[in-house]
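Novice: have a look; sequence and predicted model below, questions after that.
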Amino acid sequence: MMKLGEKAILVVALFGALLVSVSMYLIPIIKPNDQFLELVLFILGAVLIIFSVIRMKKF
């Protein structure tokens, strides 16, 4: 597998947190008719955060 440095893992975790924050706070302000985008952003953000936590334990 590709090795990621600590800075890259931190960037991935921050991007995941940004996606979760956008899905929780910004998307409801816009109030779209379907909540598909909100759900996709939340799941993608959670996956990125979990990925970075798993990768950090290997260091």
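Specialist: In hand now; what should we look at?

Novice: CA atoms only: put the helix or strand of the chain with the lowest mean pLDDT into CSV for me.
Specialist: For the chain, scoring each helix and strand by mean pLDDT, DSSP states H and E identifies helix 27-30 as the least confident one, at a mean of 77. Listed next in CSV are the C-alpha coordinates belonging to helix 27-30 (Å, rounded to 0.1, in the frame of the first residue of the first chain):
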residue,chain,number,x,y,z
ILE,A,27,-26.4,22.2,3.8
PRO,A,28,-29.4,22.5,6.2
ILE,A,29,-29.2,26.3,5.8
ILE,A,30,-29.6,25.9,2.0
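
Novice: for the helix or strand following that helix, buried residues please.
Specialist: Downstream of helix 27-30, the next assigned helix or strand under DSSP states H and E is helix 36-57. Residues 38, 41, 42, 45, 48, 49, 52, 55 are the ones in helix 36-57 that count as buried (16 or more other C-beta atoms under 10 Å). For the C-beta atoms, the positions are set from N, CA and C on the backbone; glycine is no exception.

Novice: which pLDDT value goes with the last one?
Specialist: Going back to what we said before, that points to residue 55. Listed pLDDT for residue 55 reads 80.

Novice: got the confidence number for the residue nearest to it when sequence neighbours are not counted?
Specialist: Leaving aside its sequence neighbours, residue 55 sits nearest to residue 9 (C-beta to C-beta, 6 or more residues apart in numbering; 5.2 Å). At residue 9, the model reports a pLDDT of 83.

Novice: helix or strand: which one has residue 9?
Specialist: Residue 9 belongs to helix 6-21, assigned by DSSP H and E.
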